[in-house]
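Participant: A predicted structure for the sequence below; I have some questions about it.
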Amino acid sequence: MEYNIAEYKNLLNEIKTQISVSKYNALKSVNREMIILYYNIGKMILSNIEWGNKFIDKLAKDLKSDFPGVKGFSVRNLKYMRKFAEEYTDFEFVQQVVAQIPWGHNIILMDKVENIEYRKWYIHKAIENGWSRNILAHQIETNLYSRQAVSEKLNNFSELLPSIQSDLANETMKDPYVFDFISIKEEIKEAELEKQLINKITKFLLELGSGFAFIGNQYHLEVGDEDFYIDLLFYHTKLKCYVVIELKTGKFKPEYAGKLNFYLSVVDDKLKSKEDSPSIGMILCREKNRFIAEYSLKDMTKPIGISEYKLSKYIPKEYKDKLPKIEELEKEIADIIEEAE
């Protein structure tokens, strides 16, 4: 009997999925064993710390000689192992949590985050979001902990959302957001322009955080035979709701909240399903007066958050001269949202 092509494809896809999952689990297991090995080596080096750095030099040389095909035993890496064991005194935490991220991630954290509690927060976020090494470094350099974990956020979520969704929505917010889009100066073809736009949206999503699914920019709404356009529309897979974002290149104005409240009412009526939670609005502006923003949200009927965004403050100094000026970056954001005022 000949096999059914459709059934065969389903079978093939199931097998490929199983292989991928198995390979991923194997890599996780190997990484975990390596992290624990490095930790134990670090503890042994620590217990003989009085021997000094020359002891580490000799150890690196002997290990390379005895294990010629094995990498990871350089003088530099052995010193990181010592530091690793010195700074993480709780082996259970290393075994259950730290061992879930690669060694390269751990080196970045040891180099860039001195406070252990902050470092633990970044570890959990890296695991939760599957950050690569470069993304982890970027999040640390843009001070994500201060912007997301401890910043005093401005919203009315607790008054208008159920407590579980309110807490998650508040945790999702940052203040300020940091955008560093690269301006396109030369003439480009339509296909390249679309590619660049997608690339910018990808960067935008990275800064927004995990869970945001892009629906569209300048999303069209028709109300009473009139046309309205949402700057950016997303669906949040964890909050299970639509998220309407208005990007303003200047200072916050009270009328922005009223307009966003209107958009949220339309989205809830026309797009939201029975299974969805109430839609959430975000106003991202260059600057805000906290008192004006608080009064603007006081009697709103829809959940809205207001955050500032920064463009060049967190860009490394060595790159600042190579990047476009602040005015060009402002225009870049304006080009993306094509505001229909």
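Facilitator: Thanks, I have it.
Participant: Okay, strands next: where are they in the stretch 51-200 of the chain?
Facilitator: Counting by DSSP state E, counting those that start in this stretch, one finds strands in the stretch 51-200 of the chain at the ranges 154-155, 177-178.
Participant: Between those, which one is closest to Phe234.
Facilitator: In terms of Cβ to Cβ, the element of these nearest to Phe234 is strand 177-178, at 13.7 Å. Quick note: C-beta positions are derived from backbone N, CA and C, even for glycine.
Participant: how far is the closest one from where the chain is centred?
Facilitator: If you compare the mean C-alpha spot of strand 177-178 with that of the full chain, they lie 11 Å apart, counting by Cα atoms, centre = their mean, to the nearest Å.
Participant: tell me what it is packed against?
Facilitator: Using 3 or more Cβ pairs under 8 Å, 6 or more residues apart in numbering; DSSP states H and E as the contact criterion, the neighbours of strand 177-178 among helices and strands are helix 190-208, strand 304-310.
Participant: Least reliable of these by average pLDDT, please.
Facilitator: In terms of average pLDDT, helix 190-208 trails the rest of those, at a mean of 60.
Participant: which is the next helix or strand following it?
Facilitator: Sequence-wise, the next helix or strand beyond helix 190-208 is strand 212-223, with elements assigned using DSSP states H and E.
Participant: For that following strand, the averaged confidence score.
Facilitator: Averaged across strand 212-223, the pLDDT comes to 88.
Participant: Paired strands for it, with orientation please.
Facilitator: Using DSSP bridges, the neighbouring strands of strand 212-223 in the sheet come out as strand 226-236 (antiparallel).
Participant: any residues touching the partner strand, and which ones?
Facilitator: Where contact means Cβ atoms under 8 Å, 6 or more residues apart in numbering, the residues beyond strand 226-236 that reach it are 172, 204, 208, 211-222, 241-247, 263, 266-267, 280, 337, 339-340.
Participant: go on, stretch 29-49?
Facilitator: For stretch 29-49, contacts defined as Cβ under 8 Å, 6+ apart pick out 55-56, 59, 72, 78, 80-86, 88, 91, 94-95, 98-100, 102-103, 106.
Participant: Check these for burial and list the buried ones.
Facilitator: Of the members of those, the ones counted as buried by neighbours, 16 or more other Cβ atoms under 10 Å, are 56, 59, 72, 78, 80-85, 88, 94, 98-100, 102-103, 106.
Participant: Next step: those restricted to helices.
Facilitator: When helices are assigned by DSSP state H, the members of these inside them are 56, 59, 78, 80-85, 94, 103, 106.
Participant: need these in TSV with distance to Tyr39 and pLDDT, can you?
Facilitator: What follows is these, written out as TSV (distance: Cβ to Cβ, whole Å; pLDDT from 0 to 100):
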residue	distance to Tyr39	pLDDT
Ile56	16	89
Leu59	16	89
Leu78	13	93
Tyr80	11	95
Met81	7	93
Arg82	10	94
Lys83	11	95
Phe84	6	95
Ala85	6	94
Val94	5	93
Trp103	10	93
Asn106	10	95
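Participant: For stretch 64-81, buried residues please.
Facilitator: Within stretch 64-81, the residues that qualify as buried are 64, 72-73, 77-78, 80-81, counting by 16+ other Cβ under 10 Å.
Participant: Could you do stretch 236-251 as well?
Facilitator: Of the residues in stretch 236-251, those buried under the neighbour-count criterion (16+ other Cβ under 10 Å) are 236, 239, 241-249.
Participant: most centrally placed residue in this protein?
Facilitator: In the chain, the centroid-proximal residue (Cα atoms, centre = their mean) is Gly209; its distance is 3.9 Å.
Participant: residues touching that residue, list them.
Facilitator: Applying Cβ under 8 Å, 6+ apart to Gly209 gives the contacts 129, 148, 172, 174.
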